[in-house]
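Colleague: Quick one: sequence and predicted model below, then my questions.
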Amino acid sequence: MARMQISTDTSTWLLQAKDFLDEARRLKPGPERNELRQTAKVLREIAKLEAASESALNRDWRRRT
C-alpha cells in the first residue's frame, strides 16, 4: 500500500480523511466501516480540488504582476 507523505502545509481535509481511515481500520468489515472509507475518499477529493484551485489562483496572480 502506498504511503501518503504529510507535509507541514497538509490540508485540513487530508488530515480529516486520515482520521476517518484510522477509525475505519479499527472496525470490523461492514456498513459503518464502508461509510467511513467513503467519507475519507470524498475528503481526499475535496483536498485535491482545493489544491488545484489554489494552484490555478497562484498562476493567475503571477500573470497579473
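Modeller: Arrived safely.

Colleague: contacts, neighbours, all on C-alpha from now
Modeller: OK.

Colleague: Lowest-scoring secondary structure element of this structure by mean pLDDT?
Modeller: When each helix and strand of the chain is scored by mean pLDDT, DSSP states H and E, helix 31-64 comes last, with a mean of 86.

Colleague: what packs against that one?
Modeller: If you count contacts as 3 or more C-alpha pairs under 8 Å, 6 or more residues apart in numbering; DSSP states H and E, helix 31-64 packs onto helix 12-26.

Colleague: Just the CA trace of the helix it packs on, in CSV.
Modeller: What follows is helix 12-26, C-alpha atoms only, in CSV (Å, rounded to 0.1, in the frame of the first residue of the first chain):
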residue,chain,number,x,y,z
THR,A,12,-7.3,20.0,6.9
TRP,A,13,-9.3,17.8,4.5
LEU,A,14,-6.5,15.3,4.2
LEU,A,15,-6.0,15.3,8.0
GLN,A,16,-9.7,14.6,8.5
ALA,A,17,-9.6,11.8,5.8
LYS,A,18,-6.6,10.2,7.7
ASP,A,19,-8.6,10.3,10.9
PHE,A,20,-11.6,8.7,9.2
LEU,A,21,-9.4,5.9,7.7
ASP,A,22,-7.7,5.3,11.1
GLU,A,23,-11.2,4.9,12.7
ALA,A,24,-12.4,2.6,9.8
ARG,A,25,-9.3,0.4,10.3
ARG,A,26,-10.4,-0.2,13.9
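
Colleague: okay, now residue 22: neighbour count?
Modeller: The burial count assigned to residue 22 is 14, neighbours taken as other C-alpha atoms under 10 Å.

Colleague: what do you get for the one 3 residues further on?
Modeller: By the other C-alpha under 10 Å criterion, the neighbourhood of residue 25 contains 13 residues.

Colleague: That one: what's it in contact with?
Modeller: With contact set as C-alpha atoms under 8 Å, 6 or more residues apart in numbering, residue 25 has these partners: residue 33.

Colleague: if I look at it, how far off is residue 37?
Modeller: Applying C-alpha to C-alpha, to the nearest Å, the value for residue 25 to residue 37 is 9 Å.
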